[in-house]
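*Asks:* Would you be able to build a 3D model of this:
(one chain, ligands or ions: 1)
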Amino acid sequence: MEGEVGVEKGSRRSADRTDRGRRERRGSAERSSSRRDGDRDRRHDDVPSSSGNKDRGGAEKRRRSRSPLERGDKDRGGKRSRDEGRSSGGKDDRKKKSDGKSAGSSSNGAVKPEEEEELVGGKAAVVAKVEPLSLEEILAKKKTEEEQQAKPKFLTKEERAAEAIRRRQEEVDAARARMQEQQQVRDKFEHEASKSHREDRRGRGRSSSRDRDRDRRERERERERDRQRRRDRDRDHSSSGSEVEREREPIRHRGDGDVDKTKEEQAIKERYLGVTQRRRRRQRRLNERKFVFDWDAGEDTSVDYNPLYKAKHQAQMYGRGHIGGIDIKSQKKNARFYTELIEKRRNDAEVEQEESHQEKIRQKEAKQRHDDRHWSEKLPDEMNERDWRIFREDYNIVIKGGRVPNPIRNWEEANIPSEIMEVIKKVGYTSPTPIQRAAIPIGLQNRDIIGVAETGSGKTAAFLIPLLVWITSLPKPRPEDKMDDDAEHQGPYAIIMAPTRELAQQIEEETVKFGAPLGIRTVAVIGGLSREDQGFKLRLGCEIVIATPGRLLDVLENSYLVLSQCTYVVLDEADRMIDMGFEGDVQKILEFMPVTTSSPTPKKPRTKSS
Ligand SMILES: Nc1ncnc2c1ncn2[C@@H]1O[C@H](COP(=O)(O)OP(=O)(O)OP(=O)(O)O)[C@@H](O)[C@H]1O
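*Replies:* Numbers count the residues shown, from 1 in each chain. Next comes the predicted model:
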């Protein structure tokens, strides 16, 4: 402005030319500035521009109020300036920039600096005026600003993301700074604490090796704490500080990239392909939580090293008192004091009574021991029901029936006549078989019996020995009776029937073995042999007939044999005999037996089956 004023004082003509050129340039700059501001206003519609609306509003009014000459000059100058601006390019741009700055500053200020040129009476005068904004304008401007601030600001997605990242980064930085600050405080505190601790320890004097060890351990612990802190710090740093970066960072750049990648692939498969990996069941290890009850004596830490506690004091209880929870017998053993006191106070009568009581107890125990002997050590009279039960169980003997005599434990207990016993020993039967033990006593009582035992168990001797005992017990025929044909031909005392010829011959051998030494005659009546020969033998006389049912019936029906004195019948393998269809023959044979013979003597038919 001062320059321009100085020019006015010098040469007015040249100043006019110069001012016109300046005005033109300035006018074009103002117009271009107003165009720029107008464009900005149209874009944002927020900031009122001094060269925009104002130019169109108040400034336009002022311009209209000026002289037509001035307006024509300005318009012409403006046009020229626009044309020049288009042609000169960069130069005008710089000008526009400077003008734009002034326009911008004026738009923001409360007072608008404005330059106006006035031509008064052909003389050019440049007057710089600063016009303050009117009150309406200020209020309008303020209202516009408030409205603009009240309007919501819409941000694009990128802007929002950038804002979020910026906020997150700020949070992370703040947290990191906070942590570092805390860590520094903690380090400082621990350092001071350890330092003071060391100084204290040094002051107290660490002469002993124990203190040195403790210091060493303390230092190690401190080092370990430092390491742990460092690790925690690194972990926190990696977890919180790089969280934002990690979100953008691919997973493969991480430290444990392979593991994470595998997990990621697995998660993708499960999510999109429906592949579910079968989780390995955690097998619980055996004895994992099993408490081991075994212990070694060396593990016992309850040993009292103090001699005072080693010899524990025995509590002396008055009367018969005992300590609860401890075995009474062991307490009595240890309670010497009470025992000795009782011993002292007893008189002779009490001692004698005690002795007799002890004697009774001893006798009772001896009797118990005697009764508890094995059945083989006992006499027959000493055997009780329990012993007989054990005996039967030992030989697997099962007896059913009423008032069944006890089995024999040996041949001597059977009360067998001596001549028969001699034969038994001569044959070589040292001890009876189970079926013989059970059946012989019953047979000796002339009772009916059904014996069931396996093949080769000695069933033949079981029914033969009682039969021999019975026959030998019969009165022997007198010589005059022998001369009597009737007595000789009254038939055998017993018949033994077997289903097959072979079995009958086997029984005959066994019967002859026992009967021959006793003078008892045996005749076999079996099929396949001559009926006449058999009839001849029967006519000579016999005590025992061994026969198969068919041939025996035949012999009886043809009167080769009579059963006038036969009261003893043995059916060997009776079940097999019935299976073979001999039941009818057996019934008919039994009809040949006399009925009356059963009454004088208690002899009944005996049966045997296997
Ligand atoms: N007490 C005994 N001591 C030793 N040997 C015996 C005794 N009793 C029988 N025997 C022998 O056992 C063998 C079989 O006996 P036995 O023929 O009587 O059996 P079993 O049961 O009648 O047979 P099966 O069912 O074939 O008639 C015979 O050789 C016999 O001499």
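
*Asks:* If you count neighbours, what's buried in the strand or helix carrying residue 466?
*Replies:* Assigned by DSSP states H and E, residue 466 belongs to helix 459-473. Buried residues in helix 459-473, counting neighbours by 16 or more other C-beta atoms under 10 Å, are found at 459-472. The C-beta positions use only the backbone N, C-alpha and C, and glycine is treated the same way.

*Asks:* Over to stretch 419-426?
*Replies:* For stretch 419-426, the neighbour count (16+ other C-beta under 10 Å) marks 420-421, 423-424 as buried.

*Asks:* and which of those residues is nearest to residue 346?
*Replies:* Using C-beta to C-beta, residue 421 comes nearest to residue 346 of those, at 62.1 Å.

*Asks:* Could you list the low-pLDDT ranges of the stretch 401-550 of the chain?
*Replies:* Scanning the stretch 401-550 of the chain for pLDDT under 70 picks out 477-489.

*Asks:* Spell out, range by range, the strands that occur in it.
*Replies:* Remark: strands assigned in the stretch 401-550 of the chain by DSSP state E, counting those that start in this stretch are 494-497, 522-525, 544-547.

*Asks:* can you redo those strands as TSV with mean neighbour count and distance to residue 379?
*Replies:* Below are the strands of the stretch 401-550 of the chain laid out as TSV (neighbours: other C-beta atoms under 10 Å; distance: least, C-beta to C-beta, whole Å):
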stretch	mean neighbour count	distance to residue 379
strand 494-497	27	34
strand 522-525	24	37
strand 544-547	28	35
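
*Asks:* what about those strands, which gets the closest to residue 359?
*Replies:* Of all those, strand 494-497 comes closest under C-beta to C-beta, at 59.6 Å.

*Asks:* coming back round to it: would you mind trimming the buried residues of helix 459-473 to those in range of the ligand?
*Replies:* 459-461 (C-beta under 6 Å from any ligand atom).

*Asks:* show me the contacts for residue 415.
*Replies:* For residue 415, the contacting residues are residue 444, by C-beta atoms under 8 Å, 6 or more residues apart in numbering.

*Asks:* The residue in the stretch 301-450 of the chain that the ligand sits nearest to: neighbour count?
*Replies:* Across the stretch 301-450 of the chain, the shortest distance to the ligand (C-beta to the nearest ligand atom) belongs to residue 429, at 3.6 Å. When counting by other C-beta atoms under 10 Å, one arrives at 17 neighbours for residue 429.

*Asks:* so what's the residue lying closest to it once chain neighbours are set aside up against?
*Replies:* Counting by C-beta to C-beta, 6 or more residues apart in numbering, residue 429 lies nearest to residue 461, which is 6.7 Å off, once chain neighbours are set aside. Going by C-beta under 8 Å, 6+ apart, residue 461 touches 429, 433, 436, 510, 514.

*Asks:* on that earlier part again, just so I know, which of the strands of the stretch 401-550 of the chain lies nearest residue 136?
*Replies:* Short answer: strand 494-497, nearest of the strands of the stretch 401-550 of the chain by C-beta to C-beta, at 156.5 Å.

*Asks:* hang on, the earlier thing: mind putting the strands of the stretch 401-550 of the chain into a markdown table with distance to the ligand?
*Replies:* Below are the strands of the stretch 401-550 of the chain laid out as a markdown table (distance: least, C-beta to the nearest ligand atom, whole Å):
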| stretch | distance to the ligand |
| --- | --- |
| strand 494-497 | 11 |
| strand 522-525 | 15 |
| strand 544-547 | 12 |
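
*Asks:* between the ones you listed, which one is nearest to residue 269?
*Replies:* With C-beta to C-beta as the criterion, residue 269 lies closest to strand 494-497 of the strands of the stretch 401-550 of the chain, at 91.6 Å.

*Asks:* I'd like the strands of the stretch 401-550 of the chain laid out as TSV, including distance to residue 291.
*Replies:* Listed next are the strands of the stretch 401-550 of the chain as TSV, based on distance: least, C-beta to C-beta, whole Å:
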stretch	distance to residue 291
strand 494-497	74
strand 522-525	80
strand 544-547	77
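
*Asks:* Looking at those, which is nearest to residue 301?
*Replies:* Proximity to residue 301 (C-beta to C-beta) singles out strand 494-497 among the strands of the stretch 401-550 of the chain, at 85.3 Å.

*Asks:* Which neighbours in the sheet does that closest one have, and how are they oriented?
*Replies:* Looking at strand 494-497 with DSSP bridges, its partner strands are strand 544-547 (parallel), strand 568-571 (parallel).

*Asks:* Please export the C-alpha coordinates of whatever helix or strand comes next after the last one as CSV.
*Replies:* Just to be clear, that refers to strand 568-571. Next helix or strand after strand 568-571 toward the C-terminus (DSSP H and E): helix 574-579. Taking C-alpha atoms only, helix 574-579 is exported to CSV below (Å, rounded to 0.1, in the frame of the first residue of the first chain):
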residue,chain,number,x,y,z
ALA,A,574,-31.2,-155.3,35.9
ASP,A,575,-31.7,-152.2,33.8
ARG,A,576,-30.0,-153.8,30.9
MET,A,577,-32.1,-157.0,31.4
ILE,A,578,-35.3,-155.0,31.1
ASP,A,579,-34.0,-153.2,28.1
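
*Asks:* List the buried residues for helix 574-579?
*Replies:* Applying 16+ other C-beta under 10 Å to helix 574-579 flags 574, 576-577 as buried.

*Asks:* what about residue 517, distance to the ligand?
*Replies:* Residue 517 is 15 Å from the ligand, where distance means C-beta to the nearest ligand atom, to the nearest Å.

*Asks:* Helices of the stretch 451-600 of the chain, start to end?
*Replies:* Counting by DSSP state H, counting those that start in this stretch, the stretch 451-600 of the chain has these helices, from start to end: 459-473, 479-483, 485-488, 501-515, 531-540, 549-557, 574-579, 583-591.

*Asks:* what does the stretch 201-350 of the chain give?
*Replies:* 209-236, 243-248, 257-268, 307-310, 328-334, 336-345, 348-371.

*Asks:* Just the mean pLDDT for the third one, thanks.
*Replies:* Okay, so that is helix 257-268. Model confidence over helix 257-268 averages 84 on the pLDDT scale.

*Asks:* for the second one, same thing?
*Replies:* Model confidence over helix 243-248 averages 48 on the pLDDT scale.

*Asks:* show me what contacts residue 467?
*Replies:* Taking C-beta under 8 Å, 6+ apart as the test, what residue 467 contacts is 443, 494, 544, 568, 570, 606.

*Asks:* so the second one makes contact with residue 563?
*Replies:* No: in this structure, residue 494 is not within contact of residue 563 by C-beta atoms under 8 Å, at 9.9 Å.

*Asks:* so where is this structure shaky, pLDDT-wise?
*Replies:* The chain contains residues with pLDDT under 70 at 1-130, 203-211, 236-257, 275-279, 284-289, 303-304, 312-320, 477-489, 596-610.

*Asks:* repeat that with 80
*Replies:* For the chain, the stretches with pLDDT under 80 are 1-132, 152-153, 200-215, 232-258, 273-323, 330-339, 341, 475-490, 595-610.

*Asks:* what does it put close to the ligand?
*Replies:* Residues of the chain lying near the ligand (C-beta under 6 Å from any ligand atom): 429, 432-433, 436, 453, 455-461, 610.

*Asks:* Can you pick out the most distant pair from those?
*Replies:* The widest separation within the residues of the chain next to the ligand (C-beta to C-beta) is 19.0 Å, between 429 and 610.

*Asks:* Roughly how far does residue 192 sit from residue 198?
*Replies:* For residue 192, the distance to residue 198 equals 11 Å [C-beta to C-beta, to the nearest Å].
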